[in-house]
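Undergrad: Could you look at this predicted model? Sequence included:
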Amino acid sequence: MTDERIKMNDDKRSAFSKPPRLDPDEAMRASSGPPERIYRPAPADPSNLPGKIKVDLSTSLENFLLGAVGVAAFVALLLYVQGTFGGKKSPPNPELLKYVPLAIGFMAGALACWFGTDNFYVISVPNRKLLYHFKLFFMVKISPAADFEEIAAIGVTGVRHTHKGNVWWKYKICAVKNNGEFIDLSDEADPDKIGWLNDRAEGMAAVVGCLFARGAEWSKLAFEGGNTGLRVMSFEPENPLSFAESVKELRRIRLSLTFFVVVTLIIVSFCVMMYMLLTPPM
């Protein structure tokens, strides 16, 4: 009798069931299911789930701020080298050194904004919603991204990259809404992480109660609507190449007024810096 009760309790554990001490974001497990590429996994038991499940990833704003830090650092180094040592065909120009603190200040500002930014998605189980959490310093905004009923499927899709004739694939988790909109729910990962991504995506689909689309190498999700709907498109291997240092694509995020304000301030500051740099001293 005891063994039967244990088995019944084990059967109730869902894709997101977790021991009490584990972080909800680390407790995602795949639900068992048939081997089809697209299917509906066994639903998760709400009693075994936390109220909110964090889905963290790097957003476009965070990537942009890191890029601004790199550009400002490069400009500061270039100004220092040109002002101190000069170029191959030009003597040192000490006037350029006075702009180095400006570039460093711009870099420090962008870095501070990056540290003050914390953007991620939240799966709200009681409210049956996918929420987007935006934070920049003390500004916090939580907005709905989709109701569970609006999500047709969650799965793993491939992203094809090319560079100078070389082709490689990265993979990520995404939610597909009924209207065909894709919402990224993870960063891009190498092919050896496909299994982990599938387990995690299947757990999310079990909680949301939607279809799950299993990803595989050289394949991606497509949503064409109508009678076609969601399907997995497979491709033949095409010069597969590991390119771990590739630049990640900017991801779609829920744009807000704060996002536009921050980007505008950064662009304006950069333009002012370049204007001061290119304007000859009086």
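TA: Yep, that arrived.
Undergrad: only C-alpha atoms for contact and neighbour calcs from this point on.
TA: Fine.
Undergrad: now the helices: where do they sit in the chain?
TA: Listed in chain order, the helices found in the chain under DSSP state H are 2-12, 60-84, 100-115, 194-208, 257-278.
Undergrad: Compare the mean pLDDT across these and name the weakest.
TA: The stretch with the lowest mean pLDDT among the helices of the chain is helix 2-12, which comes in at a mean of 41.
Undergrad: which residues does Val176 bridge with?
TA: Ala153, Phe182 (DSSP bridges).
Undergrad: right, and it touches Leu185 too?
TA: No. Distance between Val176 and Leu185: 10.4 Å, which falls outside the contact criterion (Cα atoms under 8 Å).
Undergrad: anything in contact with each of those two?
TA: Common contacts of Val176 and Leu185 (Cα atoms under 8 Å, 6 or more residues apart in numbering): none found.
Undergrad: Please identify the buried residues of stretch 129-137?
TA: For stretch 129-137, the buried set under the neighbour-count rule, 16 or more other Cα atoms under 10 Å, comprises Lys129, Leu130, Leu131, Tyr132, His133, Phe134, Lys135, Leu136.
Undergrad: Show the residue spans covered by the strands in the stretch 101-250 of the chain.
TA: Counting by DSSP state E, counting those that start in this stretch, residue ranges of the strands within the stretch 101-250 of the chain are 120-124, 129-136, 139-147, 151-163, 166-177, 182-184, 211-213, 219-223, 230-234.
Undergrad: Going by mean pLDDT, which of these comes out lowest?
TA: Set side by side, the strands of the stretch 101-250 of the chain differ in mean pLDDT, and strand 230-234 is lowest with a mean of 85.
Undergrad: neighbours of Pro50, just the number please.
TA: The local packing of Pro50 (other Cα atoms under 10 Å) involves 18 other residues.
Undergrad: Count the residues that sit near the closest residue to Thr157 other than its chain neighbours.
TA: Counting by Cα to Cα, 6 or more residues apart in numbering, the nearest residue to Thr157 once its immediate chain neighbours are dropped is Lys220, at 4.3 Å. Each residue near Lys220 was counted by other Cα under 10 Å, and the total is 23.
Undergrad: quick one: Lys220 and Arg214 touch, right?
TA: No. The pair Lys220 and Arg214 fails to qualify as a contact (Cα under 8 Å) at a distance of 9.7 Å.
Undergrad: and for the two, which residues touch both?
TA: Residues touching both Lys220 and Arg214 comprise Val156, with contact defined as Cα under 8 Å, 6+ apart.
Undergrad: And the residue nearest to Thr157, how far from Glu149?
TA: Between Lys220 and Glu149 the distance is 23 Å, computed by Cα to Cα, to the nearest Å.
Undergrad: just Ala213 next, same as before
TA: Taking Cα to Cα as the measure, Ala213 falls 17 Å from Glu149.
Undergrad: before we move on, what about Asn178?
TA: Asn178 sits 9 Å away from Glu149 when distances are taken as Cα to Cα.
Undergrad: ok, back up a step: tell me which of the buried residues of stretch 129-137 is nearest to Asp118?
TA: Closest approach to Asp118 among those (Cα to Cα): Lys135, at 5.1 Å.
Undergrad: about what we covered before: so Asn178 and Glu149 - more neighbours on which side?
TA: Asn178 (16 against 13).
Undergrad: what sits against the more buried one?
TA: Contacts were defined as Cα under 8 Å, 6+ apart; by that measure Asn178 touches Glu150, Ile151, Ala152.
Undergrad: Not including adjacent chain positions, what is the nearest residue to it?
TA: Of all residues beyond its chain neighbours, the one nearest Asn178 is Ala152 (5.2 Å), with distances taken as Cα to Cα, 6+ apart.
Undergrad: Any figure for the gap between the one you found and Gly209?
TA: Distance check for Ala152 against Gly209: by Cα to Cα, it reads 9 Å.
Undergrad: Look up how far His163 lies from the residue nearest to Asn178.
TA: Separation of Ala152 from His163 (Cα to Cα) stands at 33 Å.
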